[in-house]
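# here is my input, please return the structure:
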Amino acid sequence: MKTTNKSTHDFSNLTFKKIWAMFKETDKKFKETDKKFQATDKKFQETDKKFQETDKKFQETDKKFQATDKKFQATDKKFQETDKKFQETDKKFQETQAEINKLAQSINTFKGEIGHRLGEIAEHLVAPGIVDKFNELGFEFTESSTNVEIKDPVTRTVRFELDILLQNGNSIVVVEVKTKPDLRDVEKLKKRLILFREHRDQVPGKEKRVIYGALAGAVFQKHIIKSALQEGFFV
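Below is the predicted model:
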């Protein structure tokens, strides 16, 4: 019986022509494979080039971000400097306003003192002749007082002050003296008379005398005279 070894190759049919054809086929495949490798390598190179370009763009973008960040920092610094200047300006404004308020207060105080002094001068000018003026009207006042403080009968604290007070056995005249009276002075005298009458009613044993009001001044406007007369005051 004859046996065959499968692992043994039979090269008896191979000729030089066949072998040469096989070599050519193999060389062709190697060339095709090499061509594919070259194409793949070219793609890798192109891909690498694209990655390099992308990386370059990222670097440029990062550079722009850094430049932008630098500008933001510079802008923030300017804002801080501007804010500091605003704070300094506000501080100077507050200091200036404080000086203005202080000056205004000094002016008001000065005006108040001047007004008070003018009032005192007016009172001293009016007081000596006012008794004669009312006596010519038939009042015959026997008592004249200036800067009269009206005190609370219980607490003895000063409730208000009268510029001039004229009195006799039957009548009392409360005189408000101003250099140049205005409507506020008319209203003030009106309130003073109400307070004075209330005060007289609160003091026990005081006789009930007729109380009049008078507005005295150096310069009068016509509408002030009219208003005072309408209230029943002497002018």
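# was I right about residue 195 contacting residue 161?
No: proximity of residue 195 to residue 161 does not meet the contact threshold set by CB atoms under 8 Å, at 10.6 Å. No exception for glycine: its C-beta is placed from N, CA and C like everyone else's.
# quick one, which of these two is more surrounded?
Between residue 195 and residue 161, counting by other CB atoms under 10 Å, residue 195 is the more crowded of the two (14 against 10).
# where does the protein have low pLDDT?
When residues are selected by pLDDT under 70, those of the chain lie in 1-13, 104, 106-128, 202-207.
# helices or strands up against the top helix by length along it?
Among the elements of the chain assigned as helix by DSSP state H, the one spanning the most residues is helix 16-136. Secondary structure elements in contact with helix 16-136, counted by 3 or more CB pairs under 8 Å, 6 or more residues apart in numbering; DSSP states H and E, are strand 143-151, strand 158-167, strand 171-178, strand 210-217.
# closest one to residue 85 among those strands?
In terms of CB to CB, the element of the helices and strands packed on helix 16-136 nearest to residue 85 is strand 171-178, at 50.8 Å.
# beyond the closest one, next helix or strand please.
helix 183-202 (DSSP states H and E).
# what comes into contact with that next one?
Outside of helix 183-202, the residues within contact range by CB atoms under 8 Å, 6 or more residues apart in numbering are 150, 153, 159-160, 162, 174, 176, 178, 206, 208, 211, 213, 215, 217, 223-224, 227-228, 231, 233.
# return the set of buried residues in that helix.
185-186, 188-189, 192-193, 196, 199 (16 or more other CB atoms under 10 Å).
# what does residue 157 show for phi and psi?
Dihedral angles phi and psi of residue 157 (degrees, to the nearest 10) take the values phi -90, psi 150.
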